[in-house]
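Colleague: sequence and predicted model, in that order:
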Amino acid sequence: MGTPNIPDAKVLLRSMFEAAIAAAQPARCVPPHLPDPPKGRLIVIGAGKASAAMAQAVEMHWRGPLEGLVVTRYGYGVPCTRIEITEAAHPVPDTAGVIAARRILDRVHGLGPDDAVMCLISGGGSALLPLPGEGLTLADKQAVNRALLNSGATISEMNCVRRHLSAIKGGRLAAACHPARVINLLISDVPGDHPMDIASGPTVADPTTCADAQAILDRYKIDAPAAARALLESGAGETIKPGDPRLTNVETQLIATPQMALEAAAAIAEQAGLATYILSDSIEGEARDVGTVMAGIARQAARRGQPFPAPCVLLSGGETTVTVRGQGRGGRNVEFLLALAVALDGHPGIHALAGDTDGVDGQEEIAGAYLAPDTLARAWAQGIRPRDQLANNNGHGFFQSLGDSVITGPTLTNVNDFRAILVTEDAARSA
């Protein structure tokens, strides 16, 4: 049996990535979840990389009066007429985010039981709502945020710390809306789709504690500012807990998730005649370790037809982490892909694409990259040593030098990492 007639790998994988992004577009997923109009006022608030596009979708489909304010990442704003759009920094917060958070709290102050607040929350909202807790400064928050981003902590651990150093996250924004009805429309970018981890849960209850946050700082040996430690040790940073009466009128709906995006990508591969398997929508761990494991799975499929016979596509999502030890340009998706490349060692029948669905992998305006069987050979021909680049956390530099970066620009959504591996039959197996 010869090698199957596989569609152009790069085109196919890019089409799958685009389908995953399209499935989570606010214009598509917001309208079906709009609530009935309240008796009183409707205030729209929100934060995240998708929040401006979500606000635009609300405006286009809401016929009654509304007003509001949402904050999104610089470059992710879209035109709205009734809902004000403001922009701030991500992933390290800035003063614009602090101002936006204060203004959002002001918007929901003094509402009554006949009023409603529609909260448009998506990934990235945690950095975009950096209102410091009691006794903290923005500089304190920035220092903790940078340390967490480089520590290898999971997104759940990072957000636990962020919630307890905040004056707006961990349910505090929802409490400020009381007694108004609160309708949360969430686009999930976190493994497990836990609402308290999406933008650090500003409008949902939080069962974690200040002691949990302290333990995370200790676990990763993070030298937090004295004011942050004091806030946690005193218990003054405690969040709003389940059962709090101020949250009785809060309703939460997940309107887009990583699983939905992966299913849309799978449909593209299946239309091309390829069996497609979603391994998980919530993979975590060190990006390079995940890459090494995925290489082993792909090799087994190519060589042995296990656990799935080739040709096939293996899909996964979630949010890996990178413990930064080198001086490179980072990016968890490109780190995964470079580790995958090193482990595959030029395997002739395996292609892959990995990218962040928000269009930004790490702090680069690059979504991810494409891996081909000749990737390592082309790198060596340029004098680039792949293992050295991996050790230096320089995935972006590696793939950009080969012309294999995947650039989308602002996608106006965020359902986390996307990984697709196309496996054809191994030459030795098909001989």
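Modeller: Now that the structure is in, tell me what you want to look at. Note that the structure is a prediction, hence the values are computed from the model and not measured.
Colleague: could I get the phi/psi values of residue 235?
Modeller: Dihedral angles phi and psi of residue 235 (degrees, to the nearest 10) take the values phi 80, psi 0.
Colleague: same deal with residue 181?
Modeller: The main-chain torsion angles of residue 181 are listed as degrees, to the nearest 10 and equal phi -70, psi 140.
Colleague: so it bridges to which residues?
Modeller: Beta-bridge partners for residue 181, by DSSP bridges, are residue 116.
Colleague: my read: it touches residue 112, true?
Modeller: No: counting by C-beta atoms under 8 Å, residue 112 is not a contact partner of residue 181; they are 10.2 Å apart. The way it works is simple: take the backbone N, C-alpha and C, and place the C-beta from them, glycine included.
Colleague: which one of the two has more residues nearby?
Modeller: The residue with the greater number of neighbours, taking residue 181 and residue 112 and applying other C-beta atoms under 10 Å, is residue 181; the counts read 22 against 10.
Colleague: domain parsing for the protein?
Modeller: Domains of the chain are assigned by automatic domain parsing as 9-22+259-430, 26-256.
Colleague: let's have those in a markdown table, adding mean pLDDT.
Modeller: Listed next are these as a markdown table, based on pLDDT from 0 to 100:
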| stretch | mean pLDDT |
| --- | --- |
| domain 9-22+259-430 | 95 |
| domain 26-256 | 96 |
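Colleague: straight-line length of stretch 302-310, end to end?
Modeller: Distance between the boundary residues of stretch 302-310 (C-alpha to C-alpha, to the nearest Å) amounts to 6 Å.
Colleague: mind listing what's buried in it?
Modeller: 302, 303, 308, 310 (16 or more other C-beta atoms under 10 Å).
Colleague: so which of those belong to strands?
Modeller: Among the buried residues of stretch 302-310, no residue falls in strands (DSSP state E).
Colleague: which two among those residues are spaced furthest apart?
Modeller: With C-beta to C-beta as the measure, no two of the buried residues of stretch 302-310 lie farther apart than 303 and 308, at 12.2 Å.
Colleague: and for stretch 322-333, what's in contact with it?
Modeller: If you take C-beta atoms under 8 Å, 6 or more residues apart in numbering as the criterion, stretch 322-333 is touched by 150-152, 286-288, 319-321, 335, 354-356, 361-364, 366-369, 389, 391-397, 417-419.
Colleague: please list only the buried members of those.
Modeller: Burial by neighbour count, 16+ other C-beta under 10 Å: within the contacts of stretch 322-333 this picks out 150-152, 286-288, 319-321, 335, 354-356, 361-362, 364, 366-369, 389, 392-397, 417-419.
Colleague: hmm, back to that, out of the buried residues of stretch 302-310, the closest to residue 274 would be?
Modeller: residue 310 (9.6 Å).
Colleague: now do the strands in the stretch 1-150 of the chain.
Modeller: With strands called from DSSP state E, counting those that start in this stretch, the stretch 1-150 of the chain shows them at 42-47, 67-73, 83-88, 116-122.
Colleague: list the buried residues in the first one.
Modeller: Buried positions in strand 42-47, judged by neighbour count with 16+ other C-beta under 10 Å: 42, 43, 44, 45, 46, 47.
Colleague: the last one too?
Modeller: Along strand 116-122, the positions that meet the burial threshold by neighbour count (16+ other C-beta under 10 Å) are 116, 117, 118, 119, 120, 121, 122.
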